[in-house]
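[1] Predicted model and sequence follow; I will ask about them next.
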Number of protein chains: 2
Amino acid sequence: MTMQEGEAIDKNSVIPIYYQLAKLIREQIRRGEFKPGEALPTEIEIANRYEISRMTVRRSIAELVSEGMVYALQGKGTFVASPKLDNVVFELNNFNREMAQRGLNFKTTLLQAKILRADDELKERFRLGEGTHRILHFRTVTAAEDERLSLENKYIIYTKSKPLLESELNDPTLPGLIASHSDYLPVSAKKVLKAVVATNEEAALLGIAAGSPLFLVETTVFDPDLKPVGWSKSIYRGDRYKITSYDGWYQKE
Amino acid sequence: MTMQEGEAIDKNSVIPIYYQLAKLIREQIRRGEFKPGEALPTEIEIANRYEISRMTVRRSIAELVSEGMVYALQGKGTFVASPKLDNVVFELNNFNREMAQRGLNFKTTLLQAKILRADDELKERFRLGEGTHRILHFRTVTAAEDERLSLENKYIIYTKSKPLLESELNDPTLPGLIASHSDYLPVSAKKVLKAVVATNEEAALLGIAAGSPLFLVETTVFDPDLKPVGWSKSIYRGDRYKITSYDGWYQKE
């Protein structure tokens, strides 16, 4: 096993050399050039190859050890570890990215935008006291090639008497609505993903059978004092959406 | 606004100073000490406060700008940005972590462990050619307080005639099974999350009604040549599991 030619350390870079070397070895492991169970070249071989100090090499290796990518066996050398493959992270933007990759025509349409008086559920969601509270409600539907795929209901505490602009009515984001129609600053969000089945109303709006599987995403947006200032409930058709995740040291397919 | 006392830069550390400073400011933003829209202290104020060079301060700020946490306005200073709140990352380990937090008694039981001849579906999953191929199949069910919550079916290409040990039969991991019962090296995984409804068989095994909502997780494990060497299909009750995600610059609730 030899280090790849053509990959160099830039000694004039502002990026520390140990960091460059760790990155280089990490990429070689990810590409499968160093395989799990195989030994890395010795400290002195790596130091000579890149014309850097053994101390720097040691620091790079320590970095990779702390990441769990390699492990050292006393007196035997440094070996590439096997990935655990238990790091399951799903990114939700995949929802729309995957659809876009299939070349579908995406379109979001506003079904409803109005000011409501908060009912008991909304008062609880927003931790509001007694009395009258105005809530701005937006309902949008997203379709691809005229097939309805997802439905979103957004609610914010309405405090600014600002007219709803045509330009906002297309695909308003929850933090955007909060910034323009309330006095609150959206700074953090909590999202909960559930598997549910379509109610009669949801089924009718999406043009599917009641009881069909759906992803449900509930989002709560908070201000700097952790007060809930926005809430949304989105459903995605289970027969049209999936979430994909990759783990391990090799490139995605 | 002043920098917090008690937070210091360690000039003797192997960690670059600009990196320490960026981390320090990042944490102050996360704690809400610098709020969105507010100006950071000037370069020279920060440099004096920590007794470091303006160049180092500039580099830390550049780091935070590239992360989108702050932005610079020519001649006016550096301001804390508002988080986008669109980074939706769901971690699946939450499934069991949340259950554990509720103090439930988790238990995984082996329902079945046997060697099958690959049928057409398994041959396609594992990209196997014609002929006889042996597949090791494990089926486990996980329960909490005697309520069945999830069901997992794991399949691996069986190449080592190694007896199935009692100790493996409890809660075998897919990469673990591959390592002990095949000649393949598990190095990467692809996971797909779907929302589905329970079939009659699944409903009977979980003790729920057919048509109930479920999360379905399909995992494919690959060897270094990207050959699929393990596959699993897990279902989780939609009424018992949810996946939670946090976004923004503040601490989790």
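    That came through fine.
[2] and A:A204, how far is that from B:S82?
    Here A:A204 is placed at a distance of 37 Å from B:S82 (C-beta to C-beta, to the nearest Å). C-betas here are computed from N, CA, C, even on glycine.
[3] more crowded one of the two?
    B:S82 (19 against 11; other C-beta atoms under 10 Å in any protein chain shown).
[4] Could you list which residues are in contact with A:Y71?
    By C-beta atoms under 8 Å, 6 or more residues apart in numbering or on different chains, the residues touching A:Y71 are A:V65, A:T78, A:F79, A:A81.
[5] so how far is A:A81 from it?
    5 Å.
[6] Ranking helices and strands of chain A by mean pLDDT, which lands last?
    Among the helices and strands of chain A, helix A:94-101 carries the lowest confidence by mean pLDDT, DSSP states H and E, at a mean of 58.
[7] how about the residue in chain A sticking out farthest from the centre, what does it touch?
    Residue farthest from the centre of chain A, counting by C-alpha atoms, centre = their mean, is A:G75 at 42.3 Å. Residues near A:G75 by C-beta under 8 Å, 6+ apart: none.
[8] those helices in the stretch 151-253 of chain A, which residues are they?
    A:174-181, A:200-206 (DSSP state H, counting those that start in this stretch).
[9] ok, which stretches of chain A are strands?
    A:70-73, A:77-80, A:89-91, A:106-117, A:134-144, A:147-157, A:188-197, A:213-222, A:228-237, A:243-248 (DSSP state E).
[10] For whichever residue of the stretch 51-200 of chain A sits closest to chain B, name its beta-bridge partners.
    Closest to chain B within the stretch 51-200 of chain A is A:S188: 3.0 Å, counting by C-beta to the nearest C-beta. Counting by DSSP bridges, A:S188 is bridged to A:F222, B:G248.
[11] Let me know whether it touches A:V221 as I believe.
    Yes: counting by C-beta atoms under 8 Å, A:V221 is a contact partner of A:S188 at 7.4 Å.
[12] Was I right to think A:Q112 contacts A:F138?
    Yes: under the criterion of C-beta under 8 Å, A:Q112 makes contact with A:F138 at 7.1 Å.
[13] Looking at these two, which is more packed in?
    A:F138 (23 against 10).
[14] what's the closest non-adjacent residue to the more buried one?
    Among residues not flanking A:F138 along the chain, A:K154 sits closest, at 4.4 Å (C-beta to C-beta, 6 or more residues apart in numbering or on different chains).
[15] Surely A:S245 and B:L193 touch.
    Yes: applying C-beta under 8 Å, one finds A:S245 in contact with B:L193, separated by 7.3 Å.
[16] If you count surrounding residues, which of those two has more?
    Counted by other C-beta under 10 Å, A:S245 and B:L193 do not tie: B:L193 has more neighbours, with 24 against 21.
[17] Quick check: which ranges of the stretch 1-150 of chain A have low pLDDT?
    A:1-7, A:84-104 (pLDDT under 70).
[18] rerun at 90
    A:1-16, A:19, A:26-38, A:62-69, A:71-77, A:80-115, A:129-133, A:140, A:142-147 (pLDDT under 90).
[19] burial count for A:T173?
    Around A:T173 there are 17 residues (other C-beta under 10 Å).
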